[in-house]
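K.L.:
what shape does this take:
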Amino acid sequence: MRVLRALTVAAAAVVAVGLSTPFAAANPSDPLGGAPFGGSPSGQGGNGGNGGNNGNGPSNVTVNPYSVHQGSTMQVSAAGCRHGGTVWSAGNFPQTNLSAGSIGFATVRIFNHASPGNHTLSVKCHDNSLVATHRFTILRGNGAHGGIGGSFGPSTAETAIGSSLVGAAALGAGVHVMRRRRPLRGRA
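P.N.:
Sure, this is the predicted structure:
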């Protein structure tokens, strides 16, 4: 009988913890979170710029994700900028350096106040005057803070409430154990 009670309490605790976990949805209308590697949600390819040009300027510009929330980050890549380059989109994110190599990468952070809708970014290599462009979409609002890894701790009020609940549970358990341990009068 006692084992059944213990299992019931344990199951209730697991259910309570499971139900208290917050659900995160970055974009409810797009369950896959955008298109992979710069493709548009409509299935169009993610390649932009001026095509393969053997290192004579930026080419094959891609963005990931294609649709990004205000205040979120987006990965930009471009081929042909062996000495690096710059990426920019006026009013949407600051000018950012593109890494050097056969394929250069940059991570840009969209401004919190950037206007939602379709926009164009530009990529220019340091050793060339050619500019390649690629389209992307900014979504209204902030995305979910999934994957932050606990960098947002509980507030002081939440900590106080949690501590008082744990204390009350411990006190209740202690009272219960003490009442069960007392021998009944007249049976000793």
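
K.L.:
please count neighbours and contacts with C-alpha atoms only from this point.
P.N.:
Will do.

K.L.:
my guess is Thr62 meets Met74, correct?
P.N.:
No: counting by CA atoms under 8 Å, Met74 is not a contact partner of Thr62; they are 10.3 Å apart.

K.L.:
neighbour count: those two, which is higher?
P.N.:
Neighbour count, other CA atoms under 10 Å: between Thr62 and Met74, Thr62 has more, with 26 against 19.

K.L.:
and the more buried one, what are its phi and psi?
P.N.:
With angles defined as degrees, to the nearest 10, Thr62 sits at phi -130, psi 150.

K.L.:
any idea what it is bridged to?
P.N.:
Ser77 (DSSP bridges).

K.L.:
roughly how far does it sit from Val177?
P.N.:
For Thr62, the distance to Val177 (CA to CA, to the nearest Å) stands at 65 Å.

K.L.:
cool, and Asn112?
P.N.:
Asn112 is 55 Å from Val177, by CA to CA.

K.L.:
more neighbours: which of the two?
P.N.:
Shown here are Asn112 and Val177; by other CA under 10 Å, Asn112 has more neighbours (15 against 11).

K.L.:
tell me who's in contact with the residue nearest to the more buried one when sequence neighbours are not counted.
P.N.:
Leaving aside its sequence neighbours, Asn112 sits nearest to Gly71 (CA to CA, 6 or more residues apart in numbering; 4.4 Å). Shown in contact with Gly71 (CA atoms under 8 Å, 6 or more residues apart in numbering): 109-113, 142.

K.L.:
just confirm Gly71 is within a helix.
P.N.:
No: counting by DSSP: H, G, I helix; E, B strand; the rest coil, Gly71 falls outside a helix, being coil.

K.L.:
and it, its phi and psi?
P.N.:
According to degrees, to the nearest 10, Gly71 has phi 80, psi 0.

K.L.:
quick check: longest helix of the chain.
P.N.:
helix 156-181 (DSSP state H).

K.L.:
which residue ranges of this protein form strands?
P.N.:
Assignment of strands within the chain using DSSP state E yields the ranges 48-49, 59-64, 67-69, 73-79, 85-89, 93-98, 103-109, 117-125, 131-139.

K.L.:
what strands flank the fifth one, and is each parallel or antiparallel?
P.N.:
So that's strand 85-89. strand 93-98 (antiparallel), strand 117-125 (antiparallel).

K.L.:
gap between the two ends of stretch 81-98?
P.N.:
8 Å.

K.L.:
okay, and for the protein, where does confidence drop off?
P.N.:
1-4, 6-7, 11, 14-55, 143-152, 182-188 (pLDDT under 70).
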